[in-house]
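**Student:** everything below, folded, please.
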Amino acid sequence: MRRRPKDRRERIAQVAAELFCEHGYHGVSLEQIASTVGISGPAVYRHFPNKYALLVEATRGLLAAALSTTDLPPGAEPRTTLKALLLTLSRLAVKHRRSGGLYQWEWRYLEPEHRAEFRADLAVLFGRLVVPLRAARPEELTVPDAEALARAALSVFGSITTHRTPITKGRAEVALHRIAVAVLRDDPPTPVVPSPAGSGLERGAVRVSSRREIVLAEAIRLFHQNGYHAVGLDEIGRAAGITASSVYRYFPGKGELLAAALYRASERVAAATAAALADAADASQALHMMADSYVTLTFERSDLVSVYLAENNNLPEIDRHELRKVQRLHVEEWVRLLTTVRPGLPVPEARVHVHAALNLVTDLSGWVRFDRRTGMDRHLVRLMVTVLMA
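**Tutor:** Got it, this is the predicted structure:
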């Protein structure tokens, strides 16, 4: 009789984490997890009662790995501690590249109790960066300043999970470490309490001129707030002031509604890119103008951009492939400009820099107030350029 491996439970959780990140939590079945592990469906139930238990285990495992490897002995000089932490986090990010997306998006599907646990562990991880960073720059940074930069650095590490650029582990680790060091040396954005859910531009500052646009705007808001699978057409209809059946007058189904939202985001990104390229005198100016347009778009349409990045896996297949192709072309435009400005930077590393810059702005869009009167837009553009040029 063949013995079950001692690490089977850990193996099941790891495979589940990778599949959740690749296909989305709701796009993965227990049977798919079992098949990938090489066991039967009932064998999974010997270790986990349901798929949700696997999500809890996977998110706990991800942060447990981060907390265990960053639990450094106290007493070291702050800059030495920071260096060790950044090296450790760069290795950890690359090692967990296929499952680190749990930190980016999939944790949204945790229930309140487990979400609070996740956030508490994440706060501990933040603290391990904030304390030595504050100690290393005592005259320059307040605690909120240091927290903002720590969050930006973690966004850099998390960015490696958002793409599949072929690059060796060693080169990816070096690139992430280099970028994170540059971020922590930068001036911080001003952190504030996030705006209440649903107060984004789609609902308030953007005028909608037709019932179809109202339905689309409310769907984007709800998808961002609750996740695609938690939102029904009846809820979208109520938010738009119509019945669920009336939604079908404008969209054949929820999948087509999501596709319309994501095509809308793609069109806005393409228009902003085209404007930057048309008006720039050279590649360096174009890069700065694209950074400016991306910051503006992300903050003025934060709900839309978040849905665009988080809900790709829930699109109808033909739309998913089309939009991913458009995303890749957009990234390659950034890479082309960056390698023109920095001709010695290899293309794989350039892609790592570009994804880190884009991810950082998207992450910060839910945490800092975008206010042109305070110069926040200029600071974020500079921070984005810092990441690109690190």
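
**Student:** from now on I want contacts and neighbour counts done on CA atoms only, so please keep to that.
**Tutor:** OK.

**Student:** okay, L110: pLDDT?
**Tutor:** Listed pLDDT for L110 reads 90.

**Student:** then G366?
**Tutor:** pLDDT for G366: 68.

**Student:** cool, and E139?
**Tutor:** For E139, the predicted pLDDT is 89.

**Student:** swap in K6?
**Tutor:** In this model, K6 carries a pLDDT of 69.

**Student:** mind starting the numbering at 24 from now?
**Tutor:** Yes, from this point I'll number from 24; that puts the last item at K29.

**Student:** distance of G276 relative to A282?
**Tutor:** 10 Å (C-alpha to C-alpha, to the nearest Å).

**Student:** between the two, point out the one with more neighbours.
**Tutor:** A282 (21 against 12; other C-alpha atoms under 10 Å).

**Student:** and the helices in the stretch 224-373 of the chain, which stretches?
**Tutor:** 234-249, 256-263, 267-270, 277-302, 306-323, 325-333, 340-364, 370-387 (DSSP state H, counting those that start in this stretch).

**Student:** least confident of the ones you listed, on average?
**Tutor:** helix 325-333 (a mean of 82).

**Student:** could you say what helices and strands that helix packs with?
**Tutor:** helix 234-249, helix 277-302, helix 370-387 (3 or more C-alpha pairs under 8 Å, 6 or more residues apart in numbering; DSSP states H and E).

**Student:** deepest-packed of these, please.
**Tutor:** Using mean count of other C-alpha atoms under 10 Å, the stretch among the helices and strands packed on helix 325-333 with the largest mean neighbour count is helix 370-387, at a mean of 23.

**Student:** by contact count, what packs against that helix?
**Tutor:** Against helix 370-387 (3+ C-alpha pairs under 8 Å, 6+ apart) you get helix 166-181, helix 192-207, helix 306-323, helix 325-333, helix 340-364, helix 399-412.

**Student:** neighbouring contacts of that helix?
**Tutor:** Contact partners of helix 370-387, identified using C-alpha atoms under 8 Å, 6 or more residues apart in numbering, comprise 174-175, 178-183, 185-186, 188-190, 194-195, 198-199, 202, 318, 321, 325, 328-329, 354-355, 357-358, 361-362, 403, 407-408, 410-411.

**Student:** which of those are buried?
**Tutor:** Among the contacts of helix 370-387, the ones that count as buried by 16 or more other C-alpha atoms under 10 Å are 174-175, 178-183, 185, 188, 195, 198-199, 202, 318, 321, 325, 328-329, 355, 357-358, 361-362, 403, 407-408, 410-411.

**Student:** if I look at H119, how far off is E33?
**Tutor:** Taking C-alpha to C-alpha, one finds H119 at 14 Å from E33.

**Student:** these two: who's more crowded?
**Tutor:** H119 (18 against 14).

**Student:** got phi/psi on R121?
**Tutor:** Phi and psi for R121, reported as degrees, to the nearest 10, are phi -80, psi -10.
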